[in-house]
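Engineer: Give me coordinates for this.
(2 chains)
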Amino acid sequence: MKQTPLTAKHRALGAKMIDYAGFEMPVQYTGLVEEHLTVRSAVGIFDLTHMGELELTGPGALDTVNRLCSNDASALEVGEIQYTCITNEQGGIIDDILVYRTKQGFLLVVNAANTAKDYAWIKQHLQHDTELVDRSGELTLIAIQGPKSAPLVEEVLGLSTAELKNYTFVEPEYKGVPVLLSRTGYTGEDGFELYFPNQFAEEMWDAFLTHGEKYGVKPVGLGARDTLRLEARMPLYGNDINEETTPLEAGLGRFVKLHKEFTGSAVLKQQKEEGVQRKLVAFTMLDKGIPRQGYPLLSLEGEEIGAVTSGTHSPSLDHPIGMGYVRVDLAVPGTEIQVQIRKRLARAKIIKGRFLP
Amino acid sequence: MSEKLLYTKEHEWVLVKGSVVRVGISEYAQNELGDIVFVDLPSVGDWVEEGEGFCVLESVKAVSDVYAPVSGKVVAVNTELEDSPELINESPLEKGWIAEIEVEGEPQVGDLMNEQEYTEYLKGV
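Structural biologist: Take a look at the predicted model:
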């Protein structure tokens, strides 16, 4: 199993470690619920070094990104970030990623489980004069998330974040170390992500924990990362989206720009014109029981209409919630559906928008 | 109570009271599961087979079966757990009991571990 430069820190903090995408990662420290609520009310710090970072440079870098991804990267100025999907020939999602427009080119931040797959795919589809470098092994990624994240980041890095808009980044220095600081995250809260060379990982981690004490900072594991993103209705690759689902089915249409050509764009154009057959929806339980990935979804009449892709007991709402694909005619907010939980059926209601915050 | 409190390898405890055994999960098990947020109890009158998952405990992250330590009929369930699943975390051996199973004849609990044996067993887990 691969480790991050912070593995020893996690163990010293008493974290429960698991294998996640081939990395030994903390799933929780003191308790999932406590960590989750800390991010909603104060600030949490996450080690996300398992995520992959792929760099594209050269005159053909923009063409490569635009050919591979559903969103339009030509709209990006240096310092701006875009959420986008790498799609296959069928319009299915190979990965959902963030694209950072840097001075040198583009930095693609990809899901840990997909780093090798994405690298191989991109390598095969490089446009003219483009260089691809996998920087995953040299960069540490820490996320600072929660309503108190801005004052904490300002204090540790000695800068103002007032001008740093969502989905933009700056490249300040911390004690002479180059840092990439973006206002991004996967929790639904205000927050930041910091990328920097591995050798400063422990020092940076400790600085945030020490300065964060007065803000109530806590280290947060992957368990709470999952419940936070689900409350914020953000899809998780491998659960809610995969190579068999398209961005249009997943409700990610605003990140699909059909005025340009990219892999799978013809299929997506047709799907958009004809309409999708199924849609990813979020639902809250009306009856008791917790929906879990793979549980069947049924209409009130008992017809099978889809399946749960993510489900949990929401720590913030203290209530079970989930996401799943349902037949398009039933994918309407307010519609009641049923979840098969083991041998019984439990009613649920499709909601509009996110659960929280 | 301690002399008749026995443990299974799956970390359930069993309290034998004549032909009825009360079942719950151990302190170790509740700690491993974390905050329990939902208990899917069996129904009174259900027949359960030894080794069968007869109750489901859910934490935020995980779903875990509780296995029947004996075969028999469920004669009581702790309905308090429906609204207060956290009782299993707070008081796994007492207020967090799960169900009572009535066996035909004497409960066959010879394979189960006493407290001391269970403590030893945990060292190897």
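
Engineer: Mind listing what's buried along the host helix or strand of B:Ser64?
Structural biologist: Here B:Ser64, judged by DSSP states H and E, is contained in strand B:63-67. In terms of neighbour count (16 or more other C-beta atoms under 10 Å in any protein chain shown), strand B:63-67 has its buried residues at B:Ser64, B:Val66, B:Tyr67. Bear in mind the C-beta positions are built from the backbone N, C-alpha and C, glycine included.

Engineer: Quickly note the distance from the nearest residue to the last one once chain neighbours are set aside to A:Ile93.
Structural biologist: Nearest residue to B:Tyr67, sequence neighbours excluded (C-beta to C-beta, 6 or more residues apart in numbering or on different chains): B:Glu10, at 5.0 Å. Taking C-beta to C-beta, to the nearest Å as the measure, B:Glu10 falls 39 Å from A:Ile93.

Engineer: Next, give phi and psi for B:Glu100.
Structural biologist: phi -120, psi 130 (degrees, to the nearest 10).

Engineer: that older thread, so the residue nearest to B:Tyr67, which of the three states?
Structural biologist: coil (DSSP: H, G, I helix; E, B strand; the rest coil).

Engineer: Going by distance to chain A, which of the buried residues of strand B:63-67 wins?
Structural biologist: B:Ser64 (11.9 Å; C-beta to the nearest C-beta).

Engineer: ok, what's across the strand from the closest one?
Structural biologist: Using DSSP bridges, the bridge partners assigned to B:Ser64 are B:Leu57.

Engineer: how near is it to B:Ile25?
Structural biologist: 9 Å.

Engineer: Give me the common contacts of those two.
Structural biologist: Residues touching both B:Ser64 and B:Ile25 (C-beta atoms under 8 Å, 6 or more residues apart in numbering or on different chains): B:Leu33, B:Leu57.

Engineer: Contact partners for residue 66?
Structural biologist: This is for chain A. Contacts for A:Asn66 (C-beta under 8 Å, 6+ apart) come out as A:Asp72, A:Ala73, A:Ser74, A:Lys260, A:Phe262.

Engineer: my bad, chain B
Structural biologist: B:Glu12, B:Val23, B:Ile25, B:Gly53, B:Phe54, B:Cys55, B:Val56, B:Leu57, B:Ile98.

Engineer: which residues touch residue 72?
Structural biologist: All of this refers to chain A. A:Asn66, A:Lys257, A:His259, A:Lys260.

Engineer: My question was about chain B, not that one.
Structural biologist: When contacts are taken as C-beta under 8 Å, 6+ apart, B:Gly72 is in contact with B:Val21, B:Trp47, B:Val48, B:Ile101, B:Glu102, B:Val103, B:Glu104.

Engineer: which SS class is the first one?
Structural biologist: Of the three states, B:Val21 takes strand according to three-state DSSP.

Engineer: That one: how many residues sit nearby?
Structural biologist: 24 (other C-beta atoms under 10 Å in any protein chain shown).

Engineer: Identify the bridge partners of it.
Structural biologist: Beta-bridge partners of B:Val21, as defined by DSSP bridges: B:Val16, B:Ile101.

Engineer: was I right about it contacting B:Ser71?
Structural biologist: No. Taking C-beta atoms under 8 Å as the definition, B:Val21 is not a contact partner of B:Ser71, at 10.6 Å.

Engineer: if I look at those two, which residues touch both of them?
Structural biologist: B:Val103.

Engineer: Please give the centre-to-centre distance between stretch A:340-357 and its chain.
Structural biologist: Distance, stretch centre to chain centre, for stretch A:340-357: 22 Å (C-alpha atoms, centre = their mean, to the nearest Å).

Engineer: Now it: buried residues?
Structural biologist: A:Gln340, A:Ile341, A:Leu345, A:Ala346, A:Ala348, A:Ile350, A:Ile351, A:Phe355, A:Leu356.

Engineer: what would the residues you listed look like in CSV with pLDDT?
Structural biologist: Below are the buried residues of stretch A:340-357 laid out as CSV (pLDDT from 0 to 100):
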residue, pLDDT
A:Gln340, 98
A:Ile341, 96
A:Leu345, 98
A:Ala346, 98
A:Ala348, 98
A:Ile350, 98
A:Ile351, 98
A:Phe355, 95
A:Leu356, 88
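
Engineer: Which ones among the residues you listed lie within helices?
Structural biologist: Taking DSSP state H, every one of the buried residues of stretch A:340-357 sits outside helices.

Engineer: now those residues as a markdown table including distance to chain B?
Structural biologist: Below are the buried residues of stretch A:340-357 laid out as a markdown table (distance: C-beta to the nearest C-beta, whole Å):
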| residue | distance to chain B |
| --- | --- |
| A:Gln340 | 13 |
| A:Ile341 | 8 |
| A:Leu345 | 13 |
| A:Ala346 | 10 |
| A:Ala348 | 14 |
| A:Ile350 | 21 |
| A:Ile351 | 19 |
| A:Phe355 | 14 |
| A:Leu356 | 15 |
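
Engineer: where along the stretch 251-357 of chain A do the helices fall?
Structural biologist: For the stretch 251-357 of chain A, the helices defined by DSSP state H, counting those that start in this stretch occupy A:265-274.

Engineer: do the same with chain B
Structural biologist: Using DSSP H, helices in chain B cover B:27-33, B:80-83, B:87-90, B:115-123.

Engineer: And chain A, by the same measure?
Structural biologist: Using DSSP H, helices in chain A cover A:7-12, A:32-41, A:61-68, A:115-124, A:149-157, A:201-212, A:222-231, A:265-274.
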